[in-house]
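# What would the 3D arrangement of this be:
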Amino acid sequence: MKPLHTILTLNALLGVLCLPAAQADVGDKAQAEVAQQYRQQVAACATQSGERRLVCLDEATLDRTIALEDLRAESENTAAARARAARNKVEAAFVMAEGQCARGATAQRSACLQRAKAQRDVSEGDIAANQAAFVSYDALAAGEDDGLLRRAALSCDKLRDEARDRCVKQFVHQQQM
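Reported below is the predicted structural model:
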């Protein structure tokens, strides 16, 4: 019988490998970079042993899943794709936490799983409650939505992704006051 952490890791890997055909549309160069980064992380994990190695491998798998989900959402460039990527990243983080809980002390497994489930539920609730956060900036700037977010996207359009997100949040917050 395989250990639970091996099964959980295999499930996470299968989830990444079974992404829909839209994944094929993502640039080969970007996928190659993600694969290279993953291989580097796995190689770094090889220097560790025991629990640290397992945690390192789980984190490498999570990082790869997040990067692939981001690439997929970027290639589809829709609010639905970005929301799906956010949900998939939350689920991947939960699978990792679940594996870590399974490897933990028997007396603490239940509490650990409860914390992981609570975190997952909070994150999924945030995603569901903030669907406007997944609207395409390109669509907003093109005029497909005439609301507050469109004005924010237009005023923050020239900034890079991280700065643009911060700018939009600040703009919306100021307008709501």
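# Buried ones in stretch 49-58, by neighbour count?
Counting neighbours by 16 or more other C-beta atoms under 10 Å, one finds that the buried residues in stretch 49-58 are 54-58. In short, each C-beta sits where N, CA and C put it, glycine included.
# For my notes, please list those residues in a markdown table and give distance to Glu91 for each entry.
What follows is these, written out as a markdown table (distance: C-beta to C-beta, whole Å):
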| residue | distance to Glu91 |
| --- | --- |
| Leu54 | 20 |
| Val55 | 19 |
| Cys56 | 21 |
| Leu57 | 18 |
| Asp58 | 14 |
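# Show me what the longest helix seen in the chain is packed against.
The helix of greatest length in the chain, counted in residues with DSSP state H as the criterion, is given as helix 50-76. Identification of packing neighbours for helix 50-76 by 3 or more C-beta pairs under 8 Å, 6 or more residues apart in numbering; DSSP states H and E yields helix 4-17, helix 28-45, helix 79-103.
# closest one to Ser123 among those?
The stretch from these with the least distance to Ser123 (C-beta to C-beta) is helix 79-103; that distance is 4.4 Å.
# And the next helix or strand past that closest one?
The element immediately downstream of helix 79-103 (helix or strand, assigned by DSSP states H and E) is helix 106-129.
# That next one versus helix 79-103: what angle between them?
Between the axis of helix 106-129 and that of helix 79-103 there is an angle of 170 degrees, by axes from the mean of the first three to the mean of the last three C-alpha atoms, to 10 degrees.
# can you list the weak-confidence ranges in the chain?
1-27, 135-155, 157-162, 164-165, 168-177 (pLDDT under 70).
# For stretch 80-93, buried residues please.
Buried positions in stretch 80-93, judged by neighbour count with 16+ other C-beta under 10 Å: 81-86, 88-93.
# surely Ala116 meets Cys101?
Yes. Under the contact definition of C-beta atoms under 8 Å, Ala116 touches Cys101, with a separation of 6.0 Å.
# Pop the domain breakdown of the chain in here.
For the chain, whose domains are defined here by automatic domain parsing, the residue ranges read 4-133, 137-176.
# how close does Ala30 get to Ala67?
In this structure, Ala30 and Ala67 are 9 Å apart, going by C-beta to C-beta, to the nearest Å.
# Tell me which of the two has more neighbours.
Comparing Ala30 with Ala67 by neighbour count (other C-beta atoms under 10 Å), the higher total belongs to Ala67, at 19 against 15.
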